[in-house]
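>>> Fold the following.
(one chain, ligands or ions: 1)
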Amino acid sequence: AVKRTPFIAGNWKMNLDHLQAIAFVQKLAWSLADAKHDFADAEVAVFPPFTDLRSVQTLVSADKLELAYGGQDVSAHDSGAYTGEISGAFLKALDAKYVIIGHSERRQYHGETDADINAKVLAAQRHDLVPVLCVGETAEDLEKHGASAVPVAQLRAALESVDASKEIVVAYEPVWAIGSGQAATPDQAQQVAAALRTVLVELLGEEAAQATRVLYGGSVKAANIASFLREPDVDGALVGGASLDIDEFSAIVRFKK
Ligand code: PEP
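The predicted structure is shown next:
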């Protein structure tokens with residue numbers, strides 16, 4: 001079997017300005033240094049607001065931190081008359097490696113459709129950013145269609161015409177578990193992650209599908225991270241609320257299987 005490096009990603013959402021971001025990353029640097037000789041071989045990334053990225057870049061490059069970062073969204077367009085939008089080229093120019101695409105809050109509050117999300121995934125690929133594609137069902141979807149149907153449909157739509165030779169990360173985030181304190185069970189997460197991987201085989205081919213990291217997101221905290229990471233198809237976590245608390249996020253980063 002392929003070894004997939006565990007991935008712990010912190011989605012700050014609309015929290016922490018650039019000064020707070022600097023303070024946070026400085027503290028996180030200590031935990032990362034610790035994590036290295038103590039524990040896991042996880043890759044860690046943070047997703048700050050756009051206005052923080054330049055500060056995060058400066059710290060990461062000055063202190064040579066092993067910390068990746070990315071945007072929480074990206075424009076489907078490369079440049080031009082799109083007021084308020086951020087090009088993938090700008091993220092790349094700040095050495096961002098990743099970009100979150102299709103977060104349920106974007107789908108819900110900004111009306112992003114599967115077609116919009118597909119266009120953003122393609123834009124990320126054009127700029128050599130790794131999309132962290134979020135999929136997940138609402139409580140209503142879960143009741144009507146079961147857990148996998150909606151995430152699988154979202155995955156198919158989002159990955160139409162993608163370049164299978166480029167890295168993609170998929171985050172399974174049941175909407176009912178986000179910010180609710182009610183995480184999915186590890187078994188639920190595993191079942192959907194496995195269903196997503198089956199579709200990835202079809203869409204990207206066996207090799208790329210086995211190399212693709214599938215994350216779980218939704219009320220992940222220090223107390224439950226290890227139980228998710230023990231599942232064979234769950235390769236990490238996308239963490240919202242708990243990524244803003246330095247002690248909690250440090251403990252998550254240092255998870256022990
Ligand atoms: C998220 O919004 O991506 C998320 C997983 O949030 P939380 O961890 O707060 O549930």
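>>> Could you double-check that Leu215 lies in contact with Phe7?
Yes - A contact is recorded between Leu215 and Phe7 when judged using C-beta atoms under 8 Å, the distance being 6.2 Å. Placement of C-beta: from N, CA and C, glycine included.
>>> before we move on, which element is Ile252 in?
Per DSSP states H and E, Ile252 falls inside helix 246-253.
>>> Check whether that helix comes near the ligand.
No - among the residues of helix 246-253, none lie within reach of the ligand under C-beta under 6 Å from any ligand atom; the closest is 10.0 Å away.
>>> Asp52: how many residues sit nearby?
Residue crowding around Asp52 was assessed by other C-beta atoms under 10 Å; the count is 23.
>>> just to revisit the earlier point, for the helix holding Ile252, what is the average pLDDT?
pLDDT averaged over helix 246-253 equals 94, rounded to a whole number.
>>> How much space separates Gly217 from the ligand?
In this view, Gly217 and the ligand are 4 Å apart by C-beta to the nearest ligand atom, to the nearest Å.
>>> now do Val74
Relative to the ligand, Val74 is positioned 16 Å away (C-beta to the nearest ligand atom).
>>> Confirm that residue sits in a helix?
No - secondary structure of Val74, determined by DSSP: H, G, I helix; E, B strand; the rest coil: coil, with no helix assignment.
>>> Mind listing the shared neighbours of Leu215 and Phe7?
Contact criterion C-beta atoms under 8 Å, 6 or more residues apart in numbering; residues shared by Leu215 and Phe7: Val169, Asp235, Gly236, Ala237.
>>> Which members of these occur in strands, if any?
Members of the shared contacts of Leu215 and Phe7 lying in strands (criterion: DSSP state E): Val169, Gly236, Ala237.
>>> ok, the last one touching Asn224?
So that's Ala237. No - the pair formed by Ala237 and Asn224 falls short of the contact definition of C-beta under 8 Å, at 9.1 Å.
>>> quick one, which of these two is more surrounded?
Looking at Ala237 and Asn224 with other C-beta under 10 Å, you find the greater number of neighbours at Ala237, namely 30 against 19.
>>> Name the residues linked to the more buried one by a beta bridge.
Ile8, Tyr216 (DSSP bridges).
>>> give me every residue that touches it.
When contacts are taken as C-beta under 8 Å, 6+ apart, Ala237 is in contact with Phe7, Ile8, Ala9, Leu215, Tyr216, Gly217, Val220, Ile225, Phe228, Leu229, Ile252.
>>> wait, isn't the first one in contact with Ala45?
Yes - the pair Phe7 and Ala45 qualifies as a contact (C-beta under 8 Å) at a distance of 7.1 Å.
>>> Just the mean pLDDT for the helix or strand containing Ala194, thanks.
When elements are defined using DSSP H and E, Ala194 is found to belong to helix 186-204. When pLDDT is averaged along helix 186-204, the result is 98.
>>> right, is that helix up against the ligand?
No - Helix 186-204 lies apart from the ligand when judged by C-beta under 6 Å from any ligand atom; the minimum separation is 11.8 Å.
>>> Pull out the buried residues from the helix or strand just after that helix.
The first helix or strand that comes after helix 186-204 along the chain, using DSSP H and E, is helix 206-211. Judged by neighbour count (16 or more other C-beta atoms under 10 Å), helix 206-211 contains these buried residues: Ala208, Ala209.
>>> helices or strands up against helix 206-211?
Using 3 or more C-beta pairs under 8 Å, 6 or more residues apart in numbering; DSSP states H and E as the contact criterion, the neighbours of helix 206-211 among helices and strands are helix 186-204.
>>> Show me the contact partners of the helix it packs on.
Contacts of helix 186-204 from elsewhere in the structure, counted by C-beta under 8 Å, 6+ apart, are 135, 147-148, 151-152, 155-156, 159, 162, 164, 168, 170, 172, 174, 184, 208-210, 212, 214, 216, 224, 227-228, 230-234.
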